[in-house]
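> quick one: sequence plus predicted model below, questions after.
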Amino acid sequence: MTLHIFNPEHDIALANGQRRITPPHAARQLHADLGFIPAFWADQGDTVLVDDCQHATRAYAKVRMMAKRLFGLETHDVTFRELTSLRDAIPQSIDPWGWDYTLKAILRQHLPKGVQLPSDNELNLIRNMSHRSTALYLLQALRMENTIGEMRLAETQDELLGYVADFQGKAVLKAPWSSSGRGVRFVDGDIDPHMLDWTANVIAKQGGIMVEPMYNRIIDFGMEFTSLGDGTARYAGLSIFTTSHGAYSGNIIATETHKREMLARYIDPSLLDAVRTRVCSSDFSCITSRHQGAFGIDMMIVGTKTGNGYLLHPCVEINLRRTMGHLALQFTPPDDDIEGVMQVVYEGKFKLRLKASTQETRQILI
């Protein structure tokens, strides 16, 4: 039996290093409301850790019904458990959204003695590889003809201001570790005092800040993988998604063929194949030999400055954890003619919504 855990506070925990944290309210609520989602990638007989078994059972049943009605997908039953009932559970493996010190401390407190958890050295390696400068290094490995991408690590405010000037005053600033949208700021012209204070705080706490040019972004998408831990990776599929102020808001649900056709309006699909092949090869072994499990690479299609073409940014970010793209892949329809949308919405509680595609949703997402 594998114990699955949705811990969306993972990125916040990474930013806080080796200290156990109390996540902010929004992260705790997301954890509580959507804790059931690992059921969609869990195997029959696996267990999913949730805050409230009754809520998880109801929420999972609703999404299962939507998946069957909209996409004709069959799903299976899983077992839900709360922390208080873990004492009599001995999982063969543990598969969280992402590993961090906070999760380890919680599980050590509630699981039976003898259940193997990652060592502190392993967690420190995960944290170090999750630093956004890793994307800077990997970007160079993925650059090829018809691609674009540049990022720099500023370790002082003077360096930061210099890099922003290099990018003609239009830049994206990113904290090295941050959760979706929270550690991202956009510069268009002069940096105001409030943003300067923010950058000084990030540099003081995290040792630097990433600076990237602001591109003419056309489409956000990603490639999802599973690292086998032996220096190779297995490709899982494309994820076409949208963000709002840097935070995730939704995914296209479609077959791989259909998603490739969407992207082929802008770039040659052979370019996607070349990037995918390189990630799965030994060229990426610096990641895939030291990380085992799911990971995703965020990419984007960029309009050229001349306005007469498009380029691929092959590594905007790398997430050494599961992503919403992995979840969206679980709803891949059986037919190219079936298309939908997966969204996380807030209506007093966070809810996972599946919808059939309409002209309106297509315009929102692509």
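Okay, I see it.

> so where is this protein shaky, pLDDT-wise?
180-181, 245-246, 358-366 (pLDDT under 70).

> mind redoing it with 80?
Counting by pLDDT under 80, the chain has low-confidence residues at 17-19, 179-182, 243-248, 307, 357-366.

> relative to N201, how far out is the residue nearest the centre of it?
The residue lying closest to the centre of the chain (CA atoms, centre = their mean) is T323, at 3.6 Å. In this view, T323 and N201 are 27 Å apart by CB to CB, to the nearest Å. (Each C-beta comes from the backbone N, C-alpha and C, glycine too.)

> related to what we said a few turns ago, now the residue nearest to the centre of the chain: phi and psi?
Main-chain dihedrals, T323, degrees, to the nearest 10: phi -140, psi 170.

> okay, now the domains of this structure?
Domain assignment for the chain by the TED database gives 2-127, 131-145+215-364, 152-213.

> list the contacts of F350.
Q29, L30, D33, L34, V344 (CB atoms under 8 Å, 6 or more residues apart in numbering).

> picking up where we left off before, which residue comes closest to the residue nearest to the centre of the chain once chain neighbours are left out?
The shortest distance from T323 to any non-neighbouring residue, by CB to CB, 6 or more residues apart in numbering, is to G296 (4.0 Å).

> equivalent analysis for E155, please.
Of all residues not flanking E155 in the chain, G208 sits nearest, at 4.5 Å (CB to CB, 6+ apart).

> hmm, back to that, is it true that the residue nearest to the centre of the chain touches G222?
Yes. T323 is within contact range of G222, at 6.9 Å (criterion: CB atoms under 8 Å).

> name the residues contacting each of those two.
Common neighbours of T323 and G222, using CB under 8 Å, 6+ apart, are S239, G296.

> coming back round to it: next, the buried residues of the strand or helix carrying the residue nearest to T323.
G296 belongs to strand 292-303 when assigned by DSSP states H and E. Neighbour-count burial for strand 292-303, counted by 16 or more other CB atoms under 10 Å, picks out G293, A294, F295, G296, I297, D298, M299, M300, I301, V302.

> now swap in stretch 318-336 and tell me
Neighbour counts over stretch 318-336 (16+ other CB under 10 Å) mark 318-333 as buried.

> those residues in helices, which ones?
Using DSSP state H, M324, G325, H326, L327, A328, L329 are the members of the buried residues of stretch 318-336 that sit in helices.

> so what's the fifth one up against?
Each residue near A328 by CB under 8 Å, 6+ apart is listed here: S239, F241, N251, I252, I253, M342.

> next one: the second one
Remark: with contacts taken as CB under 8 Å, 6+ apart, G325 is in contact with G222, E224, G237, S239, F241, N251, G296.

> E150 too?
Listed by CB under 8 Å, 6+ apart, the contact set of E150 reads L139, E212, P213.

> any idea how far A15 is from R64?
For A15, the distance to R64 (CB to CB) stands at 34 Å.

> with C315 instead?
As judged by CB to CB, C315 and R64 stand 35 Å apart.

> more crowded one of the two?
Just comparing C315 and R64: by other CB atoms under 10 Å the higher neighbour count belongs to C315, 26 against 17.

> for the spatially closest residue to that one that is not a sequence neighbour, grab the count of nearby residues.
In space, and not counting its chain neighbours, C315 is closest to L139: 4.3 Å by CB to CB, 6+ apart. Neighbours of L139 under the rule other CB under 10 Å: 22.

> assumed L139 was part of a helix.
Yes. L139: assigned to a helix according to DSSP: H, G, I helix; E, B strand; the rest coil.

> isn't it up against S133?
No. At 10.3 Å, L139 and S133 do not qualify as touching, with contact defined as CB under 8 Å.

> wait, doesn't L354 sit right on A67?
Yes. Between L354 and A67 there is a contact under CB under 8 Å: 6.2 Å.

> which residues do those two both contact?
Contact criterion CB under 8 Å, 6+ apart; residues shared by L354 and A67: F331.

> all good on my end, thank you.
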